[in-house]
Structures are given as C-alpha cells and as structure tokens.
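Asks: starting from these lines, generate the structure:
(one chain, ligands or ions: 2)
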Amino acid sequence: MTLPQDLLDPKHYAGTRRPVEEASTLPPWAYYSPRFYEAERERIFLRAWNFVGHGGRIPNSGDYAAFDLAGVPLILVRGRDGKPRAFANSCRHRGAEMVQGEGRCNGFACPYHGWAYGLDGALRGAPGMERTADFDKADWGLKPIRLETMGAYMFVNFDPDAAPLSDWLGDLPELLAPYALDDTVLVRRTEYDVACNWKVYVENFMDYYHTPTVHKTTLAATDLSAYHQNPPDTWIGKGEYLTLYAEHKGSAALLRGATGFPEMKTLTGPSAVGSTYVCAFPNALMAHTKDCLWYVEIHPTGPATMRLGVGAVFPRETAERPDFEEVVQQYYERWDVSVDEDNRINEQQQRGVSSPLAEAGRVSVMETASHLHRNWVLDRVVGN
Ligand code: FES
Ligand SMILES: [Fe+2]
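Replies: Ligands and ions are numbered 1, 2, ... in the order given. Take a look at the predicted model:
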C-alpha cells in the first residue's frame, strides 16, 4: 500500500481519537513508517524526559553505560562526586562516538585522535592542538545532557529548555512514595533487541487483555488472572504518566506456587493490597508489587526495532538477606518467562501489522491504558 502523502494530517487518526468504546487502533503505518518515526523522534524523544533506568546501572564512580536512545548516542557515567551524569557520546573534535557498552573508567579517551575527557566531561588533553588558534580546552568539554532523578530512577532530556523532571512527572513521586525508591537496589538488568516498534511494546505492557492468552501457562496462572474479573482502574495521573492498579493476593512477581520474600514494610493503603503499573510517558514502564519492583526501559532504535532493558529492583533490606540469591531465582524465572512471551508476541504483532493488507482494528476496554498512550503520542506527533 502506498502511504498517504499527508501521513501526519490529524484526519487519518480520527478513529484513534474517539472514546475507547468507539475507538480504533492507530493506522498500521504508525508502527513502521520512517516518516512517522522521524516525527516521533523530533516531537517526543528529543523533548521528553526519557527513562534510562535505575542508578544501580552505574553504581560506582567511573561506571559508565553507553547506548543509543532514539538515534542519540549517549553516555551515562557516575562522577567522582557520586552523581550520575549524561553526555553526548560524540567527541567534540570530529564527532566520533567515544565509547561503547558498559564498564568502569577514569575518563574517556577518543579512539580517533586521542582527545581525553574527565568523568565530568571536561576536556583534559587534546594532543596536537597546541598551534590551533583561539583553542581553549575549557570550551570543548563533552556536551552535557540533562539528567534528573526520581528516587533511584534516572531520566534524561535532550532539550536544554525543557521544564524540570518534577514538572513532567507531576504527582507520580507521591503515588510511588510507599515504595521508597531511594532505598532500593537494582539486582539484575537484562537487555534484549526486539524487532518491533517501541509503541508495540508499551501497548503490550499496559494491556492486561493479553495476560490470559499470551501468559496462559505462566502469569495467567497467578493472581493476575483476577484482573479479568475485576478490571483495574486506569487513569491519567496529574503528570505525564498513566497507571493501572489492581488488588490481588500475593506477589505479582512470582509464578503460582512460588514462595518469595516478605512484603515491603513501607507499603500503606492501596500499595499494601495490590500492584501499581505505571507508564511514565514516553518510554518508562514500571511495575510495583508488594515485595519488589521491576521496570522496562524502551529505547527505540528505528521505526520497527527497539532495545529493551529490564531491571529487577528490591528494597535494600530484602537484597541484603542471606537467602537473597537463592530465593530471587524464582523472581528471575517469572520475569524471564514473561519477557520472552511478550517479546515473541510483540515481534509477531509487528510482522502482522507491517503487512500491506493490515488496517486499524477495534479496541477492548481492557486496553484503555494502551488507547490513552496512543492518544498521548498523537497529541505530540500530529496534534488535533
Ligand atoms: S574525533 Fe575524537 S579526537 Fe578526533
Ligand atoms: Fe505480557
């Protein structure tokens, strides 16, 4: 099918704009068109507060993680002062990417002509530049990217003029206060390349319609099946996020029959009797159950590809138990199984929706959160 010339005209999205009971999904091209993706990069990812995971990714001074977020190579690094920072992963000389992957270092040396930068991004050495006129190293540090935190969770923003993270998140920190994010430990982080559009993944995470089918023998066998009889509340919070909450027995992070850790002592009210799932727009997916948290970082790498980071987060007190390593295996099993199931269905969804015969479909009320995310994307990418 030839895509319309005026692909970003709001008229193509009228079906998605209707209330959920009357709505359709996005047109299929929103999941594979390079033009739609370019508009998302420009209008969403280059302006929003993007989630880059728990500070435990870079626990010690000199620890770094280099990766690509929506086409921007960046470095996260913990400084000598213990603070996490982010820099553009582009040398200030001729722009070479400085570093790849993760590790620990005392600074960054560009592999091309050897410019050397400190953990604070300052240019420390530029061999061969002595006769270059008006060249002051102080002007040529790595370009800083704004990094702000909610508890241990880190967010970056590529727009120097963006309002602070606290404005973006609104009352989300209050909602999550019972989970004492500051006092949590990232105990494991796994990464996957998934051949699907980033929205496919977000929509899947916030859709409990698929739990009894995709996770038939795994999660549907746990108390999560209660969602089906007792649909969660879905709402847009007073900030750039939406949440799903459902009451249930036990922990949502265990398979049936598994016995895990005691519940967190800090939980009160709804957090003590259920789980809260949050999508902080655009790309943070966070789950909070009674004994632990987990999260999903979604980093688009193209119109139909993404990198997934999955973090397992426990209260410090739990992570320090002598039986932690033994008992936590049951949680890892649950996450490994469900992530694998979701990755596979998301890739299948991507293949089908990329067909020239694919058309927008209709929506169940059990997908309300996914519907709200689509509309949030449309607000920014095409407007009304
Ligand atoms: S591009 Fe980095 S030193 Fe030349
Ligand atoms: Fe799932």
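Asks: ok, now which ones touch the residue nearest to the spatial centre of the chain?
Replies: What sits nearest the mean C-alpha location of the chain, by C-alpha atoms, centre = their mean, is Glu297, with 2.6 Å. Glu297 is in contact with 51-53, 283-284, 308-311, counting by C-beta atoms under 8 Å, 6 or more residues apart in numbering. (Each C-beta comes from the backbone N, C-alpha and C, glycine too.)
Asks: roughly how far apart are it and ligand 1?
Replies: 28 Å (C-beta to the nearest ligand atom, to the nearest Å).
Asks: any chance of the contacts of Glu297 in JSON lines with secondary structure and neighbour count as columns?
Replies: Formatted as JSON lines, the contacts of Glu297 follow (DSSP: H, G, I helix; E, B strand; the rest coil; neighbours: other C-beta atoms under 10 Å):
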{"residue": "Phe51", "secondary structure": "strand", "neighbour count": "26"}
{"residue": "Val52", "secondary structure": "strand", "neighbour count": "26"}
{"residue": "Gly53", "secondary structure": "strand", "neighbour count": "25"}
{"residue": "Asn283", "secondary structure": "coil", "neighbour count": "26"}
{"residue": "Ala284", "secondary structure": "strand", "neighbour count": "25"}
{"residue": "Leu308", "secondary structure": "strand", "neighbour count": "21"}
{"residue": "Gly309", "secondary structure": "strand", "neighbour count": "20"}
{"residue": "Val310", "secondary structure": "strand", "neighbour count": "19"}
{"residue": "Gly311", "secondary structure": "strand", "neighbour count": "23"}
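Asks: want to throw the residues you listed into TSV with pLDDT?
Replies: TSV is the format used below for these (pLDDT from 0 to 100):
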residue	pLDDT
Phe51	98
Val52	98
Gly53	98
Asn283	94
Ala284	96
Leu308	97
Gly309	98
Val310	98
Gly311	98
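Asks: which among these gets closest to ligand 1?
Replies: The closest of the contacts of Glu297 to ligand 1 turns out to be Val52 (C-beta to the nearest ligand atom; 23.9 Å).
Asks: let me know whether the closest one touches Leu76 as I believe.
Replies: Yes. Using C-beta atoms under 8 Å, Val52 makes contact with Leu76 at a distance of 6.2 Å.
Asks: joint contacts of the two?
Replies: In contact with both Val52 and Leu76: 86, 147, 154, 156, using C-beta under 8 Å, 6+ apart.
Asks: tell me which of the residues you listed is nearest to Asp171?
Replies: Using C-beta to C-beta, Met154 comes nearest to Asp171 of the shared contacts of Val52 and Leu76, at 19.7 Å.
Asks: what pLDDT does the closest one get?
Replies: pLDDT recorded at Met154 is 98.
Asks: do the same with Asp233
Replies: At Asp233, pLDDT is 66.
Asks: also Leu255?
Replies: 88.
Asks: neighbours around the closest residue in space to it that isn't next to it in sequence, how many?
Replies: Once flanking residues are discounted, Leu255 sits nearest to Arg334: 5.0 Å by C-beta to C-beta, 6 or more residues apart in numbering. Neighbours of Arg334 under the rule other C-beta atoms under 10 Å: 22.
Asks: other SSEs contacting the host helix or strand of Arg334?
Replies: Applying DSSP states H and E as the criterion places Arg334 in helix 324-353. Using 3 or more C-beta pairs under 8 Å, 6 or more residues apart in numbering; DSSP states H and E as the contact test, the elements touching helix 324-353 are strand 184-194, helix 198-205, helix 211-214, strand 305-315.
Asks: how far off centre is that helix?
Replies: Centroid separation for helix 324-353 versus its chain: 16 Å, with C-alpha atoms, centre = their mean, to the nearest Å.
Asks: show me what from the protein comes close to ligand 1.
Replies: 91, 93-94, 96, 110, 112-115 (C-beta under 6 Å from any ligand atom).
Asks: quick check on those: which are buried?
Replies: Among the residues of the chain next to ligand 1, those scoring as buried are 91, 93, 110, 115 (criterion: 16 or more other C-beta atoms under 10 Å).
Asks: can I get the CA coordinates of stretch 251-263 in CSV?
Replies: What follows is stretch 251-263 as a C-alpha-only set of coordinates in CSV (Å, rounded to 0.1, in the frame of the first residue of the first chain):
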residue,chain,number,x,y,z
SER,A,251,3.0,-11.0,44.8
ALA,A,252,2.6,-10.2,41.1
ALA,A,253,6.3,-11.0,40.6
LEU,A,254,6.1,-14.8,41.3
LEU,A,255,4.7,-17.7,39.4
ARG,A,256,2.0,-19.8,41.1
GLY,A,257,3.3,-21.9,43.9
ALA,A,258,6.5,-20.0,44.4
THR,A,259,7.3,-18.5,47.9
GLY,A,260,9.2,-15.3,47.9
PHE,A,261,10.3,-12.6,50.2
PRO,A,262,8.3,-10.8,52.8
GLU,A,263,6.2,-7.8,51.7
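Asks: give the buried residues for it.
Replies: Judged by neighbour count (16+ other C-beta under 10 Å), stretch 251-263 contains these buried residues: 251-255, 258, 260-261, 263.
Asks: wait, Gly352 touches Ala358, no?
Replies: Yes. Counting by C-beta under 8 Å, Gly352 touches Ala358, with 6.5 Å between them.
Asks: neighbour-wise, which of the two wins?
Replies: Set side by side, Gly352 and Ala358 show more neighbours around Ala358, with 17 against 12, by other C-beta under 10 Å.
Asks: Tyr31 versus that one, what's the distance?
Replies: Note on Ala358: its distance to Tyr31, by C-beta to C-beta, to the nearest Å, is 9 Å.
Asks: same check on Asn197?
Replies: According to C-beta to C-beta, Asn197 and Tyr31 sit 4 Å apart.
Asks: and those two? Which one has more around it.
Replies: Using other C-beta under 10 Å as the criterion, Asn197 and Tyr31 rank with Asn197 on top: 28 against 24.
Asks: who touches both of Asn197 and Tyr31?
Replies: 303-304, 350.
Asks: now, among those, which is nearest to ligand 1?
Replies: Pro303 (29.1 Å).
Asks: I figured that closest one hits Cys196, correct?
Replies: No. Between Pro303 and Cys196 there is no contact under C-beta under 8 Å: 10.2 Å.
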